[in-house]
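Colleague: no sequence on this one, just coordinates:
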Ligand code: HEA
Ligand code: HEA
Ligand code: CUA
Ligand SMILES: [Cu+2]
């Protein structure tokens, strides 16, 4: 089980939000306790007892009480509002200068482009396009800018940061940091069509050196993976890929951008954001894409289009698309 | 309220002398405010149409003129200043307030520029 | 409902439109409706202002608007407001004939306004501004068109009143109707003042 | 003038043509109850789908349609009409009026609501219901294939028009139709809060009208407001929707607050504590309700200044709401609290609603909202306030006013079973959803994956929903088995306000003589300070009442037909519909209708019957 819960924050932004949640929760519990105590007392003390027919005194009100229960909530709310306003500004500050240090921080800028129903991650400084898995270096400020290609989506990694929306026509920004290596679960939280619930992704935090290595390999993947040796099964698979898939999927330099970049597909933990990675699932996915993600922009491939042999070759090729090690 | 008052019967009779006087005065006020409005509109028109006036001045100026003119419409033409119109005033000004908020939000809070 | 007995009032009520409970209800209810209409037009104007930069390759405000035409339209509508005021003053005087006369003037002026507006749309259309040309185009036509639809409705409404009551004389029943129709007409004018300023003047000037 | 309406009409025609606020109220209640059951059924189907991870009871598409229709139905077609039912029936009685200000428009409002609701639901049979959520965010909604969203746009437009008309009607009724002595500050709190809710309707619905108009023009006539490539902007829709949408939730809760004020005061046998503070708080809530809409849009990218302002403004609403909560508690304090079913719901409301309210304040913390937004935490929040507030209010009001409205009393034992099962089921369903949200479950998901720790709570939640269903069925049973229970229906609870002075069933003209009001809680005042009878403010004489008319029905029917013309862009149908509507409006304005008089003899006969009966 990956890091998914906002209740188990794994980075400074999620921490900040968690402490606001905790602070507000304490205040709310205080309010609830006060209300419940009065409530229970009143119900027990003033309930009608058998045979009681007295007419209670018709009280009009009480100025002092009114003032008390107006001021105390105001104070409680101020206790909440002040830190909230400060944090709201902190979170919105996506410039990379920290005020104390007055020097540029280590940072990585990632453009997150949402599609029905997958995620594209561009690293403009590294000239990389990746899909589904977002690799980030630990202990580095990650500056995210968010866009959408079609409808509105929302980018949420509960354990690292809250969410911001991917709005068509508008660029939003956010930032976070991940001190610990690990894989963090991300989700789309804005209704975006029938497969909205499957629009998951992963944030993979690795140490900065590993990240640099990854970025380098992504930019220039090894020829052996992308162009398997003539005569191997994978080379046949590449042919199928070049025929049917390249118009939408890129491997290395070339290929379309309608679907996720598959340069490092062999290193995915899941297929299409959620299916456990194994050959059987991969075949199912390619055969019945529209069953697995209704409304996705990729057709299902029947036997006529890709027969079993070609399929096996294709899968072999896809499995080999690796850039690490 | 006398419930047998027949509302479909034509109203006979003249207004009281006092009302007559009032109406005469009112007709004058109305005419005057009409010409004032014509003048205001023309001023707004000129301040945009002529190149002599810098737009930094013209824009707030015409917005002000529009506000003045609307107030005239409401209080003179539409008699919103009469007695027993407090509910009318409450509702119209609340409507204006919400309309202004709406316009402001749709101009500034649509994500293009962040505030 | 046989006898149309004249009501035994020596003097005309000062405000026949508010002399009955029904009249007062109508008066208040109609004002509230106008309060709602304020928000309605606020939403449309806001939408227009939010989108007026969205002209893409199509023509924009400065390419299109003829201020002089719109100025004349504004004058016409202002004048029609005055004629409707005169109508009400004559209603208060008990002069039903003149009420009808001034109201007819209002209708004529309103129709002229509408004619100009249609001509204006026609011009813009031929200058390359279709309803779907750009977000600016859609929001412009929607805002000004909604106002135009209000004008049209006002014309039909007042005409109906004129035809219906051409012979009856002033009654406690129709006085509120004339009064609300005139309120409506003024309101259309108020809205136009904003449209004139915010759409046309600002469209050229800012 | 004719004194009676000619001929005896069939029962159906009587209901189709009625302009009596009481009959219209009953029709609103019936229509609202039907849609409540429908919306509840949709909820149950969703909950079954979410009972197990990766369950395939429903397709994702059907789920999206159900969730959209559930939200839309519950808000527009169930909760609001049910409240309108009570408002229609009770407000004129509470202010000592014979009728509402605009009986004709009142009927029109009802028929527009009903036809709009039917229109929306016809989408199920016409190729699929709307599927973009009740908030219908563009461009998902503007590009959604099929006609579902077209039904959404037109159905809501038609029924929204009805609501707006109803709102104006209530406003004028309250201002102009009060009995002598009933100053604004002597008005019962249900009337007050309904009055403020009507103000919110007046100013909130036009924004929705424009939003829907734009969406319709975009879908059907190729407008480009929301098309980015044409220079459009998608956030405009969200503002228009929420400028309407946020006040809408207070339109729902304020009348419910009013119901609780009546019920708690009646069953504590005490005057409401801090009456003027209650009125003032209601007004403030109404006002602030318009200043906070963007708290639904914290993550959309307005910028930190906007977020901070809207966050603080939102939190401020806790203060006047708190004032109300504490005033209710102090109303109970020192009282003699009777645990009738009506009061159980009112008492159940206090803790339940406060729990929902405080999570609302948590949501208003903008920086934390980045975590909460669009998760089940939000779903939990709003069901706590809506069910714990609005629905409890409706049930409380139903048990409270049932004898007056329907002439028989609901069974109390069944009522208590209903209450407890519903209360427990409700908390079971929604309490765990707070955790689901924070544990990473977004809202509007057709299912969830099995290895993410969300299984148990979802299962519990569904069990709670089943419990609510059982409770609801007990209510239905109660309604049928109690029909014979007709004793003591005139003033069964020792009521405080004017509605309890009328005979049951309430005569067409409500009050033979308009009462003279001498204090807040007018009836209670006469009972305990006077001789137990209202003073009359006028002599007994003929009573003028409006005539029945079929025109409201026909106007609405015309719009219903015209809507199909829009949806399928079929111009003949469109014109037929519009001609029917405008024709009927024309008839209405040309054919004068001055109502009729009920002769004083008949009123005297009624009065005698009442004394002997
Ligand atoms: C009846 C309906 C109703 C009511 C009354 C409320 C009441 C409130 N709501 Fe809620 N809300 C909804 C219905 C309602 N809401 C719905 C339907 C949605 C979701 C819409 C959608 O997206 O589909 C929503 C969503 C929603 C959001 C957006 C969440 C998101 O999408 O990210 C927010 C954020 O601020 C919010 C806040 C509040 C607040 C602050 C109140 C306040 O009014 C609550 C005030 C009450 C109290 C606080 C309790 C009593 C007070 C005291 C005892 C005094 C002391 C208290 C303190 C000092 C805290 N609501
Ligand atoms: C008045 C408003 C209202 C009410 C009363 C309810 C009541 C209920 N709601 Fe609803 N809900 C909303 C308004 C409301 N809801 C809104 C606005 C949304 C957001 C939609 C969106 O995201 O767009 C929502 C969303 C929503 C979701 C989230 C869907 C998602 O995001 O994926 C869920 C999930 O559990 C849910 C459940 C329930 C349940 C179990 C009830 C129960 O309380 C229902 C109780 C009713 C019954 C128990 C009646 C049952 C009746 C029968 C079963 C039929 C029997 C009939 C006969 C015998 C004639 N609702
Ligand atoms: Cu993308 Cu939901
Ligand atoms: Cu809200």
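Modeller: Structure's in. What do you need? Note that the structure is predicted; figures quoted are calculated from it, not measured. Numbers count the residues shown, from 1 in each chain, chains lettered A, B, ... in the order given. Ligands and ions are numbered 1, 2, ... in the order given.

Colleague: Residue D:343 is in contact with residue D:265, isn't it?
Modeller: No: the pair residue D:343 / residue D:265 is not scored as a contact, 10.4 Å apart, by CB atoms under 8 Å. All C-beta spots, glycine's among them, are computed from the backbone N, C-alpha and C.

Colleague: Have a look at the two and say which one is more surrounded.
Modeller: residue D:265 (27 against 23; other CB atoms under 10 Å in any protein chain shown).

Colleague: pLDDT score for the nearest residue to the more buried one once chain neighbours are set aside?
Modeller: Distances taken as CB to CB, 6 or more residues apart in numbering or on different chains put residue D:272 closest to residue D:265, at 4.6 Å, once the chain neighbours are dropped. pLDDT, residue D:272: 95.

Colleague: What is the burial count for residue D:272?
Modeller: 27.

Colleague: Repeat that for residue D:32.
Modeller: 23.

Colleague: Name the helix or strand for residue 43, please.
Modeller: As the question left the chain open, I've gone with chain A. helix A:12-45 (DSSP states H and E).

Colleague: um, chain C though
Modeller: helix C:21-51.

Colleague: cool, residue A:114 as well?
Modeller: strand A:107-115.

Colleague: So which elements touch that strand?
Modeller: strand A:118-123, strand A:133-137, strand A:141-148, strand A:153-157, strand A:161-166 (3 or more CB pairs under 8 Å, 6 or more residues apart in numbering or on different chains; DSSP states H and E).

Colleague: Now the fourth one: average pLDDT?
Modeller: Okay, so that is strand A:153-157. Per-residue scores along strand A:153-157 average to 97.

Colleague: and what of the third one?
Modeller: Looking at strand A:141-148 alone, the average pLDDT works out to 94.

Colleague: Tell me, how many residues neighbour residue B:19?
Modeller: Neighbours of residue B:19 (other CB under 10 Å): 19.

Colleague: again, but for the one 4 residues further on
Modeller: Using other CB under 10 Å, residue B:23 is surrounded by 18 other residues.

Colleague: what's the answer for residue A:282, then?
Modeller: Neighbours around residue A:282, by other CB under 10 Å: 20.

Colleague: all helices for the stretch 51-200 of chain D, in order.
Modeller: In the stretch 51-200 of chain D, the segments counted as helices under DSSP state H, counting those that start in this stretch are D:60-72, D:80-94, D:103-122, D:140-143, D:148-176, D:189-221.

Colleague: Just name the most buried of those helices.
Modeller: For these, the largest average neighbour count (mean count of other CB atoms under 10 Å in any protein chain shown) is found in helix D:80-94, namely a mean of 28.

Colleague: Which elements pack onto that one?
Modeller: For helix D:80-94, the packing partners by 3+ CB pairs under 8 Å, 6+ apart are helix D:21-49, helix D:103-122, helix D:148-176, helix D:189-221, helix D:235-268, helix D:392-406.

Colleague: Tabulate those (JSON lines), appending mean pLDDT.
Modeller: Listed next are these as JSON lines, based on pLDDT from 0 to 100:
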{"stretch": "helix D:21-49", "mean pLDDT": "97"}
{"stretch": "helix D:103-122", "mean pLDDT": "97"}
{"stretch": "helix D:148-176", "mean pLDDT": "97"}
{"stretch": "helix D:189-221", "mean pLDDT": "97"}
{"stretch": "helix D:235-268", "mean pLDDT": "97"}
{"stretch": "helix D:392-406", "mean pLDDT": "97"}
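
Colleague: Mind checking those helices for the one nearest to ligand 2?
Modeller: Closest approach to ligand 2 among the helices and strands packed on helix D:80-94 is made by helix D:21-49 (2.3 Å; CB to the nearest ligand atom).

Colleague: Which of the three states applies to residue A:187?
Modeller: Three-state assignment for residue A:187 (DSSP: H, G, I helix; E, B strand; the rest coil): strand.

Colleague: burial count for it?
Modeller: Residues near residue A:187, counting by other CB under 10 Å: 26.

Colleague: what does residue A:175 give?
Modeller: 20.

Colleague: Listing partners with orientation, what would you give for the strand or helix carrying it?
Modeller: Element membership of residue A:175 [criterion: DSSP H and E] is strand A:172-176. Within its sheet, and counting by DSSP bridges, strand A:172-176 is paired with strand A:141-148 (antiparallel).

Colleague: so how far is the strand it pairs with from its chain's centroid?
Modeller: On the basis of CA atoms, centre = their mean, to the nearest Å, strand A:141-148 is displaced by 11 Å from the centre of the chain it belongs to.

Colleague: contacts for that strand?
Modeller: Residues outside strand A:141-148 that contact it (CB atoms under 8 Å, 6 or more residues apart in numbering or on different chains): A:94, A:96, A:105-115, A:136, A:155, A:164-168, A:170-178.

Colleague: again, only using 7 Å
Modeller: Contacts of strand A:141-148 with the rest of the structure, by CB atoms under 7 Å, 6 or more residues apart in numbering or on different chains, involve A:94, A:96, A:105-114, A:136, A:155, A:164, A:166-168, A:171-177.

Colleague: Equivalent analysis for stretch D:572-588, please.
Modeller: With CB under 7 Å, 6+ apart as the criterion, stretch D:572-588 contacts C:160, D:551, D:554-555, D:557-559, D:561-562, D:564-566.

Colleague: Show me which positions of it end up buried.
Modeller: Neighbour counts over stretch D:572-588 (16 or more other CB atoms under 10 Å in any protein chain shown) mark D:573-574, D:576-577, D:580-581, D:584-585, D:588 as buried.

Colleague: Report the two of those separated the most.
Modeller: Comparing all pairs in the buried residues of stretch D:572-588 by CB to CB, the longest separation belongs to D:573 and D:588, at 22.9 Å.

Colleague: In stretch A:226-233, which residues are buried?
Modeller: A:226, A:228, A:233.

Colleague: what about it, start to end distance?
Modeller: End-to-end span of stretch A:226-233 (CA to CA, to the nearest Å): 13 Å.

Colleague: what mean pLDDT does it have?
Modeller: 84.

Colleague: returning to that earlier point: right, is the helix holding residue A:43 up against ligand 1?
Modeller: Yes: using CB under 6 Å from any ligand atom, we find that helix A:12-45 touches ligand 1 at A:31, A:35.

Colleague: what domains does the record give for the chain?
Modeller: Since you didn't name a chain, this refers to chain A. Chain A is divided into the following domains under the TED database: A:109-208, A:223-320.

Colleague: wrong one, I was asking about chain B
Modeller: Split by the TED database, chain B gives B:17-77, B:84-114.

Colleague: Just list the residues touching the residue of chain C at minimum distance from ligand 1, thanks.
Modeller: In chain C, the residue that lies nearest ligand 1 is residue C:43 (19.8 Å; CB to the nearest ligand atom). Neighbouring residues of residue C:43 by CB under 7 Å, 6+ apart: B:102, D:206-207, D:210, D:240.

Colleague: at 10 Å what do you get?
Modeller: B:98-99, B:102-103, B:106, C:143, D:206-211, D:213-214, D:236, D:239-240, D:243-244 (CB atoms under 10 Å, 6 or more residues apart in numbering or on different chains).
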